[in-house]
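Trainee: got a predicted structure here, sequence first:
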Amino acid sequence: MTSHGPISPHPRAVRKYYESVAALRDQHVFNEMNVRSAFESLLADTARLKGWTLIPELSGKSGGSLVRPDGTLRDRNSLPRGYWEAKDTKDDLAPRGMPNGFW
């Protein structure tokens, strides 16, 4: 049975994520590729609480272009419920042609 409300901030998956990130920080590594697996595990574990499935690197088309987010969340009917694209503090998130921080 799945929950219909928000996910509690205290499930085991959240604690495990923070422990993994702390261990990485202790090793002085904290960029997108280093924390990716910890976050992917957190997302997959919490998605299951909603009856959703995380599918890493699922390709699809958008506006005629091939896109491949780091993760796609789908429900039991294969409907997309969300997408995950890993970024870190060094990435420029501004749209092309716009200065960083524009939005």
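Mentor: Looks like it arrived, so ask away.

Trainee: what helix or strand is L66 on?
Mentor: In this assignment (DSSP states H and E), L66 forms part of strand 65-67.

Trainee: list the buried residues of the helix or strand following that strand.
Mentor: Where DSSP H and E defines the elements, the next helix or strand beyond strand 65-67 is strand 71-74. For strand 71-74, the neighbour count (16 or more other Cβ atoms under 10 Å) marks 71-74 as buried. No exception for glycine: its C-beta is placed from N, CA and C like everyone else's.

Trainee: got the residues you listed as CSV, with pLDDT columns?
Mentor: Shown next, in CSV, are the buried residues of strand 71-74 (pLDDT from 0 to 100):
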residue, pLDDT
G71, 94
T72, 95
L73, 96
R74, 96
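
Trainee: so which of those residues comes closest to A44?
Mentor: Nearest to A44 out of the buried residues of strand 71-74 is G71 (Cβ to Cβ; 8.2 Å).

Trainee: quick revisit: and the strand holding L66, what does it pack against?
Mentor: strand 60-62 (3 or more Cβ pairs under 8 Å, 6 or more residues apart in numbering; DSSP states H and E).

Trainee: show me how far the strand it packs on is from its chain's centre.
Mentor: 18 Å (Cα atoms, centre = their mean, to the nearest Å).
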